[in-house]
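A.B. asks: build me a model from this:
(one chain, ligands or ions: 1)
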Amino acid sequence: MAKKAKVVLTDYVWESLDVEKKTLEGLAELVALKTKTPEEFVSYIGDCDALLNTYAGPITADVMARMPGCKIIARYGIGVDTIDLEAATKAGIIVTNNPTYCIEEVVEHAMALLMACARKVVLYDRLVRAGRWEVPPGKPMFRLSGNTLGLIGFGHIGQQMAVRAAAFGMRVLFFDPVIEEGQHGVKAKKVELRELLREADFVSLHPPLLPQTRKMINDETLRQMKPTAYLVNCARGPIVDTDALVRALDAKVIAGCALDTTDPEPLPDPHPLRGRENVIITPHTAWYSEQAMAGLQAGAPGEVRRVLTGQWPVNVVNPAVKGKNRAGL
Ligand code: NAD
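C.D. replies: Take a look at the predicted model:
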């Protein structure tokens, strides 16, 4: 009988690995870890054939050099900012992600945060818990209809945000260097970043974390927003310069923000973003629902199974590796 392959799972945040075990049954041994950094998992990867990854990283060229037999790094989520893609391509390692398992969840979460800002839901709930029953602390509030939503990043999530916002009567602008207006039949006006920031009552972030998007929301871009505008971040924490955001909130440069992703994660306690009336924070939960969970767990191990059985995987994020990879695919 052929020797079983070895698959190392760097980290996971769910209770059961039944899906992973079933997907890899008869093919590979699963070594499941709960690590945060490469220092914690490198001693397990020297003879691995595949790496499954949730949040642990960064997976750099050095880490890749420590796993000479690894043919695929399969990320459970959408963003692949934990992995140096160029280094993976150079090393002949296929990298995959799971691009659609939680689109609706993130859209619903971002809309929930946007609406919580608009209707001051969290503020009022805190007041009621403290024994108060009054309208004025939430003033001023404005109806969504006629307001402008500015979407930075107009991919899967951004486009579905536009559809939901239109149902509330919002005008939608987007900034995206790749997607053209009307390309996917979703109604929204393509504008430059400066115009979006100047016009939007809500700015919602949906680009990947790339060198070009790291800290793209900074002192300068925050100053371009309206003082009545809210920032929503369900993308990646480092897209926002956290210190600049604190400065902007202190100086009332914007009205408030709602963040599902922060930099760092979690935010230290205490931290100047915590405990503010006009700041809502959720602990990177936008992706989660029971349905998304099922899609999440099936995705990455499925890609590993494909590669280890000689098939080209479905969601490759470094396609340049085709024909030049360790799996011979
Ligand atoms: P996507 O790849 O479909 O869309 C991203 C869009 O951003 C693309 O259209 C791309 O052209 C655009 N973009 C690239 N560079 C840009 C720039 N400099 N400025 C503006 N736009 C730029 O991805 P998606 O499915 O819409 O997901 C977006 C991001 O959401 C992911 O990369 C991930 O980091 C984040 N996410 C977060 C959670 C969560 O739980 N909070 C869950 C899933 C995804």
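
A.B. asks: show me where the stretch 151-300 of the chain has helices.
C.D. replies: With DSSP state H, counting those that start in this stretch as the criterion, the stretch 151-300 of the chain has helices at 156-167, 193-199, 219-223, 242-250, 290-308.

A.B. asks: in TSV: those helices, plus distance to residue 183 and mean neighbour count.
C.D. replies: In short, each C-beta sits where N, CA and C put it, glycine included. As requested, the helices of the stretch 151-300 of the chain are exported to TSV (distance: least, CB to CB, whole Å; neighbours: other CB atoms under 10 Å):
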stretch	distance to residue 183	mean neighbour count
helix 156-167	9	20
helix 193-199	17	18
helix 219-223	25	17
helix 242-250	31	18
helix 290-308	25	20
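
A.B. asks: reformat these as JSON lines; add distance to residue 143.
C.D. replies: Shown next, in JSON lines, are the helices of the stretch 151-300 of the chain (distance: least, CB to CB, whole Å):
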{"stretch": "helix 156-167", "distance to residue 143": "13"}
{"stretch": "helix 193-199", "distance to residue 143": "17"}
{"stretch": "helix 219-223", "distance to residue 143": "25"}
{"stretch": "helix 242-250", "distance to residue 143": "24"}
{"stretch": "helix 290-308", "distance to residue 143": "31"}
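
A.B. asks: nearest to residue 132, out of these?
C.D. replies: Of all those, helix 242-250 sits nearest to residue 132, with 22.8 Å by CB to CB.

A.B. asks: quick one: contacts of that closest one?
C.D. replies: The contact list for helix 242-250 (CB atoms under 8 Å, 6 or more residues apart in numbering) reads 215, 217-219, 222-223, 231, 253-254, 256-257, 262-263, 272-273, 276, 278-279.

A.B. asks: change it to 6 Å
C.D. replies: 218, 219, 222, 254, 263, 272 (CB atoms under 6 Å, 6 or more residues apart in numbering).

A.B. asks: what mean pLDDT does that helix get?
C.D. replies: For helix 242-250, mean pLDDT is 98.

A.B. asks: near the ligand, which residues of the protein are found?
C.D. replies: Residues of the chain lying close to the ligand (CB under 6 Å from any ligand atom) are 77-79, 99, 102-103, 106, 152-158, 175-179, 206-210, 212-213, 234-236, 260-261, 284, 286-287.

A.B. asks: which PyMOL command selects the buried ones in these?
C.D. replies: Typed into PyMOL, the line below selects the buried ones among these, using 16 or more other CB atoms under 10 Å:
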select buried, resi 77+78+79+99+102+103+106+152+153+154+155+156+157+158+175+176+179+206+207+208+209+213+234+235+236+260+261+284+286+287
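
A.B. asks: can I take it that residue 149 is in a helix?
C.D. replies: No - counting by DSSP: H, G, I helix; E, B strand; the rest coil, one finds residue 149 to be strand, located in no helix.

A.B. asks: just the closest residue of the stretch 51-200 of the chain to the ligand, please.
C.D. replies: residue 155 (1.7 Å; CB to the nearest ligand atom).

A.B. asks: tell me the spacing between that residue and residue 313.
C.D. replies: Here the criterion is CB to CB, to the nearest Å. By it, residue 155 lies 20 Å from residue 313.
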